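S.K.: Dropping a prediction and its sequence here:
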Amino acid sequence: MFRFTPTEVDDVISALQKNIDKVQDMQCSVEMSIDMGDMGTQRQSMKMWSKGKDKMRMEMSAPAGLPMSPSPMGQGAPSGKMTMIMNGDKMVVESGGEKQVIDHSASAATHGMGQSPASLAPGMDLQQDMGEFLKKNKVTVISGKKSLIGNLMSKVSSSEAPEKVVLEVIPEKKDPMVQKMEMTVDMNKGVITSQKMFSNYGTTKMNMEYENIKGAWVIKRINMTIPTPMGKSGKMTIEYKNVKVNQGISDRLFESD
């Protein structure tokens, strides 16, 4: 096991933030597929826009009961169309001609992992506010690996920064849904390539793929294995298509009135 100082933990956060800062805004189409075994496969499609740290818009269409977010206990979405707008601490959900306004700051304060509004959208928690997320919780670097080729081609010191780092994240507040997380960080790209979430219900595993757009590494695909109350594991795939970054999205898109 590698023993890292707090400064080196900060180096991991800086690597992630460096890539995040390259994206001022992002828009894409998202296709979610959940393999429920004998119950068949459910699909959900949506369009997403994000700007800065606190603006998000999702327009989605889903069959009844399909989770809105990649969580072991995802919130059930009603059938038909739904629009969700997040702007600062305010979240507005419109569905079936009805509008619900939620103060997200109050709900986030009770969540042990302290995630931002962006984390409600699949994959966006990997692109926004990750530095703040890590700072709010107990983080330990439990391993770091240099590339094998790099070790063979040159004599590197043990203090040289690794290319892959594994973080252990423990929430400051107890949360049965997320007792502990482990995430692997690609230090060169500044992205999280895999993640495990340990809970009372089992372990959720995620593997992420990225593509380089305008010099920024942005999410392309997430493959997940999710525990279910029946003791079996479901599989979820999230694909991001027609991704565009830094197009100068207007703030009006995030207004709900």
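M.R.: In hand now; what should we look at? Numbering: from 1, shown residues only.

S.K.: Over to Gln24: give its phi and psi.
M.R.: phi -80, psi -40 (degrees, to the nearest 10).

S.K.: I'd assumed Gly52 was in contact with it.
M.R.: Yes: counting by C-beta atoms under 8 Å, Gln24 does reach Gly52; the two are 7.0 Å apart. Heads up, the C-betas are built off the backbone N, CA and C, glycines and all.

S.K.: Spit out the residues that contact the two alike.
M.R.: Both Gln24 and Gly52 lack any common contact, where contact means C-beta atoms under 8 Å, 6 or more residues apart in numbering.

S.K.: tally of neighbours for Ser33?
M.R.: Residues contacting Ser33 under the criterion other C-beta atoms under 10 Å number 14.

S.K.: and the gap between it and Ile13?
M.R.: Counting by C-beta to C-beta, to the nearest Å, the separation of Ser33 from Ile13 is 32 Å.

S.K.: Please, which helix or strand holds Ile34?
M.R.: For Ile34, the host element (DSSP states H and E) is strand 25-35.

S.K.: Check which residues of that strand are buried.
M.R.: Across strand 25-35, burial judged by 16 or more other C-beta atoms under 10 Å covers 25-28, 30, 32, 34.

S.K.: if you average pLDDT over that strand, what comes out?
M.R.: Strand 25-35 shows a mean pLDDT of 91.

S.K.: Report all helices and strands that it contacts.
M.R.: strand 41-51, strand 66-67, strand 233-245 (3 or more C-beta pairs under 8 Å, 6 or more residues apart in numbering; DSSP states H and E).

S.K.: which of the residues in the longest one are buried?
M.R.: Spelled out, it's strand 233-245. Those buried within strand 233-245 under the rule 16+ other C-beta under 10 Å are 233-234, 236-240, 243, 245.

S.K.: Remind me what that strand packs against, helices and strands.
M.R.: Applying 3+ C-beta pairs under 8 Å, 6+ apart, one finds that strand 233-245 makes contact with strand 25-35, strand 202-213, strand 216-227.

S.K.: Let's have those strands in TSV, adding distance to Ser61.
M.R.: Formatted as TSV, the helices and strands packed on strand 233-245 follow (distance: least, C-beta to C-beta, whole Å):
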stretch	distance to Ser61
strand 25-35	11
strand 202-213	24
strand 216-227	19
